[in-house]
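Novice: Next comes the sequence, and after it the predicted model I'd like to discuss.
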Amino acid sequence: MPGDATSSADPGTLAGPQTAEYVGQVPVRGIVEPVWHGSNGVGRGSAGTMRAAMLLSWLPHPAAFGVLVEHIAELRARRDLKRTKFYLDANNLAAALAVAESCVARFPRLPEARYWFAMALLAGGRYREAIAQLEEASRLDPARPGYFAALARAQMGCGDHHLAMASAMRAVALNPVKIPLLEALARILQRGGEYEQALLLLDQALLSEPSAPELLLSRAFVLRAQGRLPEAEAGFEKVLAVAPENARAHWGLAQVSSLGPNHNHLARIEARASQLDDSTLDRVWLDYARYLELEALGRDQEAIAALLRGAGQYRRSLALDAEANARIFSRMRGWQQVWERQTDKVHAAAAADAAPTPIFIIGMPRAGGTLIERMLGNHPDVRHGGERHDFAWCVKQDLAIQREDFLDEELAGRLGELDWAALARRYRQRLTEQFGPGGFVTEKLPANYIYAGVIARALPEARIVHIVRDPLDNCFSLFRQMYSGVNPFSFDQVELARHYVAYEEWMRHLATGLPDRMLNVRYEQLVAMPALVGRAIYRFCGLQWSDQFADPSRNLRPVAVPGSVRVDEPLHARFVGRWRRYEDALQDMQRVLAGAGLVRSN
């Protein structure tokens, strides 16, 4: 390979120029290596296994030959693994994969080789292959917490959050001490809702580096997810005390603080923003922080200006095929028409009675699904599943798809290949493994609305609750949130409104084709008449109602949803019609929705 000064001959042969003269041995890192002098100069074992094997065959104790050759080969393997890391750092994925794969082929029992091959596979999005390598690495060396942490990361990328949590906890049980590993495990556990364990790891890391801004920031966000808002506020202030330039800390602080004329951070945010170029990501975070602070102060014109600038700049940084969603919706409508004409029951499985009954809470993000889940969670027979990707993961498993994408055009095109009975068994088995038999489990992932037809066909026992909110309130609630890495359509008014129109058309089609399988719930009615609407939801799900279940604030389970840091409040209607504060600035959004007949035109 380029830059490789060693022999390219097969290390298992003794062919090649035999011009080396044995000189002696020197210890290198505790391992004895041969040293020779020959036509190519003075060298050590790293110059090639061929020459080393020829040389070592002259030793007076032939038994030492195999041991030393093995040591030399392992040194060469470790050198190759360093090259793999170098190529990964340089974003040369092809070279990293080639070197690492070759190393695994030559040294299949070297766990480090499998680990670095997995790192290269992960960089290329090949999660299932990476999982296989990391499982073998962990089997070969089960005392390495880093292997289990990487396995958890790969499983999370595949959408298998349940196994990811199990792998992460195995890593924790091995008592990791390196700070990067502690931080990585804390992030994984936070994503899985294991907040207390994540805090323990972050606190352990902070004992060694008490002023590390990223550790302090991660800790503050975990506290926010737990609803411990005063502690989260103090946590973000600690970050800014050591790193006043940390833009995400400014944004987090604006989210959790009780803002007003006598308590705000606007001057500090604007001072920092004035030092940054408008095109930087830090400036985007600060624009969102300014929006929150200005809105709380009632300075609406300045607030919406900051929001429009931040959203616009972030949208310009994204690579997005604006028409891809329309093509996916079109493909899904075609499948639904096919399935509605079929009357077979291939999806039914005998295991349905033993598994928990799933309750899918679907709809647009920011429509109010969290309120329904918390209301349902007041019942003793209902376990919170949260925003789990389990159903989508089961679909991808059935189709042998390993990409992280929730649903793309290729996946949508292959839904006709699903084995419905196998899909149902797989999903029910996962529910039983995670939550035990019987009862009910919620799966509150809003984007499952795109899978609603698949869910209805595969799982006849499933309840599907669809939460619907006023289109302008829903769209504006999405637009005002900084969802970094998700919902890329939400940073442009026109793209967001068009997405909403496509979603609404899809749900209208489902309502016609699945009239008895899905309950539509209006957010505005839910907050105005919680007992009446709650009773209807419970009846649809097959649950016994009690008036005490109407108050979702009785449910103290943490919710890690951006913007939902005060979910412990009683139901209120403060956010109904909030978009009207910025009506003039939201004309583009209104025009698209009005053109589809979803709102009145001005």
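Specialist: Yep, it's here.

Novice: So what would you say the end-to-end distance of stretch 134-150 is?
Specialist: Start to finish, the residues bounding stretch 134-150 are 7 Å apart (CA to CA, to the nearest Å).

Novice: what residues does stretch 308-317 touch?
Specialist: For stretch 308-317, contacts defined as CB atoms under 8 Å, 6 or more residues apart in numbering pick out 278-279, 281, 283-288, 291, 479, 482, 484, 488, 491-492, 495, 585. Backbone N, C-alpha and C define where each C-beta goes, glycine included.

Novice: low-scoring pLDDT stretches of the stretch 1-150 of the chain, where are they?
Specialist: In the predicted model, the stretch 1-150 of the chain carries pLDDT under 70 at residues 1-73.

Novice: again, only using 80
Specialist: Applying pLDDT under 80 to the stretch 1-150 of the chain flags the ranges 1-78.

Novice: That one: strands as residue ranges?
Specialist: 21-28, 31-38, 41-43 (DSSP state E, counting those that start in this stretch).

Novice: What subset of the contacts of stretch 308-317 is buried?
Specialist: 283-288, 291, 479, 482, 488, 491-492, 495, 585 (16 or more other CB atoms under 10 Å).

Novice: could you dump those to TSV with secondary structure?
Specialist: Putting the buried ones among the contacts of stretch 308-317 into TSV (DSSP: H, G, I helix; E, B strand; the rest coil) gives the following:
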residue	secondary structure
Arg283	helix
Val284	helix
Trp285	helix
Leu286	helix
Asp287	helix
Tyr288	helix
Tyr291	helix
Phe479	helix
Met482	coil
Pro488	helix
Phe491	helix
Asp492	coil
Glu495	helix
Ala585	helix
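
Novice: Now the two most distant members of these.
Specialist: Farthest pair in these (CB to CB) is Leu286 and Glu495. Separation: 23.3 Å.

Novice: Output the buried ones among the contacts of stretch 308-317 as JSON lines; include the columns distance to Gln133 and pLDDT.
Specialist: Listed next are these as JSON lines, based on distance: CB to CB, whole Å; pLDDT from 0 to 100:
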{"residue": "Arg283", "distance to Gln133": "40", "pLDDT": "96"}
{"residue": "Val284", "distance to Gln133": "37", "pLDDT": "96"}
{"residue": "Trp285", "distance to Gln133": "36", "pLDDT": "97"}
{"residue": "Leu286", "distance to Gln133": "41", "pLDDT": "97"}
{"residue": "Asp287", "distance to Gln133": "42", "pLDDT": "97"}
{"residue": "Tyr288", "distance to Gln133": "39", "pLDDT": "97"}
{"residue": "Tyr291", "distance to Gln133": "44", "pLDDT": "97"}
{"residue": "Phe479", "distance to Gln133": "42", "pLDDT": "96"}
{"residue": "Met482", "distance to Gln133": "35", "pLDDT": "91"}
{"residue": "Pro488", "distance to Gln133": "31", "pLDDT": "89"}
{"residue": "Phe491", "distance to Gln133": "36", "pLDDT": "95"}
{"residue": "Asp492", "distance to Gln133": "40", "pLDDT": "95"}
{"residue": "Glu495", "distance to Gln133": "39", "pLDDT": "95"}
{"residue": "Ala585", "distance to Gln133": "51", "pLDDT": "96"}
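
Novice: can you pull out the strands in the protein?
Specialist: 21-28, 31-38, 41-43, 357-362, 382-383, 440-443, 463-468, 518-522 (DSSP state E).

Novice: and Phe360, what does it touch?
Specialist: Going by CB under 8 Å, 6+ apart, Phe360 touches Phe391, Thr442, Glu443, Asn448, Ala452, Ile455, Ala462, Arg463, Ile464, Val465.

Novice: how near is the second one to Pro460?
Specialist: Put plainly, it is Thr442. Using CB to CB, to the nearest Å, one gets 18 Å for the distance from Thr442 to Pro460.

Novice: Out of these two, name the residue with the larger neighbour count.
Specialist: Between Thr442 and Pro460, counted using other CB atoms under 10 Å, Thr442 has the larger neighbour count: 26 against 14.

Novice: Pull the contacting residues for that one.
Specialist: The contact partners of Thr442, taken as CB under 8 Å, 6+ apart, are Pro358, Ile359, Phe360, Ile361, Glu373, Leu376, Gly377, Val382, Arg383, His384, Gly385, Gly386.

Novice: got a pLDDT number for it?
Specialist: Here the pLDDT value assigned to Thr442 is 94.

Novice: what is it paired to in the beta sheet?
Specialist: On the basis of DSSP bridges, Thr442 is bridged to Ile359.

Novice: how much space between it and Phe221?
Specialist: Note on Thr442: its distance to Phe221, by CB to CB, is 24 Å.

Novice: Kindly report the same for Leu163.
Specialist: Using CB to CB, Leu163 is found at 24 Å from Phe221.

Novice: Looking at the two now, which is surrounded by more residues?
Specialist: Using other CB under 10 Å, the more surrounded residue of Leu163 and Phe221 is Phe221, with 23 against 18.
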